[in-house]
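Undergrad: Pasting the sequence and the predicted model now:
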Amino acid sequence: MGREHWKKIWVGSAGNMVEWFDWFVYASFATYFAGAFFPEGDDTAKLMNTAGIFAVGFFMRPVGGWLLGRVGDRRGRKAALTLTVTLMSASAVLIAIAPTYAVAGYGGAVVLLVARLLQGLSVGGEYAASATYLTEASAPRHRGFASSFQYVSMTAGQILGLGLLLVLQHTLSADALHAWGWRIPFVVGALGAAVVFYLRRTMLETEVYEESSGADSGDRGTLKALWAHKREAFLVIALTMGGTVAYYTYTTYLTKYLSNSAGLPKQTATLVSFCALIVFASLQPLAGRLSDRIGRRPLLITFALGSTLLTVPILTMLKHAGSFWPALGLSLLALVVVTGYTSINACVKAELFPTGVRALGVALPYAIANALFGGTAEYVALWFKDAGIESGFSWYVAGCAAVSLVVYLAMRETRDIDLGRVGAAASESKRDQLPVS
């Protein structure tokens, strides 16, 4: 890959990293600010309140996917990526200055809710714009490798958030963290977004988009155009289902599970997540490059089969891990399995759609799947725990993976698709139009 391609990947990934830093620090610091916005109650109830607001952000993602996907297809990937980071910066500032329950009653929770709605809008478009940009900006034989940086940057954002949490845990008292220290990461996120805003204003548009910008301009990025590829859209929802549940289970929810269910100290639980995610991020390009050699389906099938069979035993053993090393080993095993999905799902979805509807085609169905499954994963887990049947969540995750396994077995390979001729090929052959074999 040439220097120009690396530059595009770097700029796209840097913005994605800041977006997901802001998105994940909400979950990572929830145990500290949960009591700030709600009246006194048991810890699980307060976590369910903050998890509920976390889930609300996901329900705005389809709206953001539609609006920003339309911008990405009609105005360009650069325009969409610049707008997403602007919205994310605004939401980080709102959370940083939100008043507590003691100061404004439920007013602070309302500010928190508005901020999460803005984050939902932003991330709803960010994923698709970034996935589309990274896929289009790379050479055909390197698309899997290049698009793997989607989750490298997402995970890097979470690693930075967890790293900051570790620093604050060792430099501030628990009282200080609960009182005001939890605001620090949101200030950092807002400052980082300002830097990325500048970087994205100077980024280069993809050649694939520029070459097609004059064609079918009337229907670009519209729901009408997406409906012409409805089978691909439903395929995105189905293939995302198992992956997004597993990903959020072993990333955003893992720290809470280790501290709230396994009984590990918060510092130990955070360190387990931090170390596991570093390894996880390093695996993404390796798996992406492997998919460029052997295809996308083998990795997806391996993920779904492993997640279906191993989720229940992994989560059961994690609950009884007892210390750092067993917890880390089990977490790494889970994340190695999840890598089969995360490393290539961005390019697989982008490869299904023609250029004029690619951003919207990835954004809207992916956001719907995340609203239904990914965003609710933490809340569902806590609901099972509160109901006294926590093991039910393990079976729920395994069941979602099993559904996606059926889809992966039926779908066609997308590795060798010409991005510039997806729409043309579909019009030439009914067989090529169908997303399943």
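TA: Looks like it came in fine.

Undergrad: Can you give me the distance of residue 6 to residue 285?
TA: As judged by Cβ to Cβ, to the nearest Å, residue 6 and residue 285 stand 12 Å apart. All C-beta atoms are positioned from the backbone trio N, CA, C, and that covers glycine.

Undergrad: which one of these two has more residues nearby?
TA: residue 285 (17 against 13; other Cβ atoms under 10 Å).

Undergrad: count of neighbours near the nearest residue to the more buried one once chain neighbours are set aside?
TA: Nearest-residue entry for residue 285: residue 148, 5.0 Å, with adjacent residues in sequence omitted and distances by Cβ to Cβ, 6 or more residues apart in numbering. The number of residues packed around residue 148, counting by other Cβ under 10 Å, is 31.

Undergrad: which residues touch residue 148?
TA: By Cβ atoms under 8 Å, 6 or more residues apart in numbering, the contact list for residue 148 reads 284-285, 287-289, 343-344, 346.

Undergrad: Go again with 10 Å.
TA: By Cβ atoms under 10 Å, 6 or more residues apart in numbering, the residues touching residue 148 are 9, 134, 142, 281, 283-292, 339, 342-347.

Undergrad: Got phi/psi on it?
TA: phi -60, psi -20 (degrees, to the nearest 10).

Undergrad: what bits of the chain have low per-residue confidence?
TA: Applying pLDDT under 70 to the chain picks out residues 1-2, 38-51, 53-55, 213-217, 423-437.

Undergrad: rewinding a little: okay, and the common contacts of residue 6 and residue 285?
TA: residue 146.

Undergrad: which of the contacts of residue 148 count as buried?
TA: 9, 134, 142, 281, 283-285, 287-288, 290-292, 339, 342-347 (16 or more other Cβ atoms under 10 Å).

Undergrad: Please narrow those residues to those residing in helices.
TA: Residues of the buried ones among the contacts of residue 148 located in helices (DSSP state H): 9, 134, 281, 283-285, 287-288, 290-292, 339, 342, 345-347.

Undergrad: Closest to residue 59 out of those residues?
TA: Proximity of these to residue 59 (Cβ to Cβ) peaks at residue 345, which lies at 20.9 Å.

Undergrad: tell me the contacts of that closest one?
TA: 127, 131, 147-148, 150-151, 236, 239-240, 243-244, 247, 296, 299-300, 303, 362, 366.

Undergrad: Residue 292 now?
TA: With Cβ under 10 Å, 6+ apart, residue 292 has these contacts: 138-146, 148, 344, 347, 415.

Undergrad: okay, now residue 278: neighbour count?
TA: Residue 278: 14 neighbours (other Cβ under 10 Å).

Undergrad: which element is it on?
TA: helix 266-294 (DSSP states H and E).

Undergrad: Distance check, residue 128 against residue 118.
TA: On the measure of Cβ to Cβ, residue 128 and residue 118 end up 17 Å apart.

Undergrad: Residue 180 against residue 172, yeah?
TA: Yes: taking contacts as Cβ atoms under 10 Å, residue 180 lies within contact range of residue 172: 9.0 Å.

Undergrad: who has more neighbours, those two?
TA: residue 172 (17 against 14).

Undergrad: Identify the residue spatially nearest to the more buried one, adjacent ones excluded.
TA: residue 181 (4.6 Å).

Undergrad: Looks like the one you found contacts residue 96 (just checking).
TA: No: using Cβ under 10 Å, residue 181 makes no contact with residue 96, being 11.9 Å away.

Undergrad: Comparing these two, which shows the higher neighbour count?
TA: residue 181 (20 against 17).

Undergrad: tell me, how many neighbours does residue 97 end up with?
TA: 14.

Undergrad: From residue 115, how far out is it?
TA: When residue 97 is compared with residue 115 (using Cβ to Cβ), they lie 10 Å apart.

Undergrad: Now stretch 257-264: buried residues?
TA: 257-262, 264.

Undergrad: Could you list the residues in contact with it?
TA: With contacts defined as Cβ under 10 Å, 6+ apart, stretch 257-264 is touched by 31, 43-44, 47, 249-250, 253-256, 265-273, 315, 317-324, 326-327, 330-331, 378, 381-382, 385, 390, 393.

Undergrad: so of these, which ones are in helices?
TA: Using DSSP H, these in helices are 31, 43-44, 47, 249-250, 254-256, 266-273, 315, 317-319, 324, 326-327, 330-331, 378, 381-382, 385, 393.

Undergrad: hmm, which of those residues are the buried ones?
TA: 31, 44, 47, 249-250, 254-256, 266, 268-273, 315, 318-319, 324, 327, 330-331, 378, 381-382, 385, 393.

Undergrad: ok, and the closest non-adjacent residue to residue 144?
TA: residue 291 (3.8 Å).

Undergrad: contacting residues for residue 301?
TA: By Cβ under 10 Å, 6+ apart, the neighbours of residue 301 are 340, 404-405, 407-409, 411.

Undergrad: Between those, which sits nearest residue 188?
TA: residue 340 (32.1 Å).

Undergrad: Which of the three states applies to the closest residue to that closest one other than its chain neighbours?
TA: Excluding the flanking residues, the one nearest residue 340 by Cβ to Cβ, 6+ apart is residue 303, at 3.0 Å. Secondary structure, DSSP: H, G, I helix; E, B strand; the rest coil: residue 303 is helix.

Undergrad: List the contacts of residue 303.
TA: 242-243, 246, 287, 336-345, 401, 404-405, 408.

Undergrad: And it, how close does it get to residue 417?
TA: For residue 303, the distance to residue 417 - Cβ to Cβ - is 21 Å.

Undergrad: now residue 169
TA: 47 Å.

Undergrad: Could you do residue 276 as well?
TA: 33 Å.

Undergrad: More neighbours: these two, which one.
TA: The residue with more neighbours, out of residue 276 and residue 417, is residue 276; 26 against 19, by other Cβ under 10 Å.

Undergrad: And for that one, nearest residue in space, chain neighbours not counted?
TA: residue 331 (4.1 Å).

Undergrad: Check the gap between the one you found and residue 104 for me.
TA: Applying Cβ to Cβ to residue 331 and residue 104 gives a distance of 38 Å.

Undergrad: related to what we said a few turns ago, out of the ones in helices among the buried ones among the contacts of residue 148, the closest to residue 202 would be?
TA: residue 9 (15.1 Å).

Undergrad: just checking, that closest one touches residue 136?
TA: No: in this structure, residue 9 is not within contact of residue 136 by Cβ under 10 Å, at 11.2 Å.
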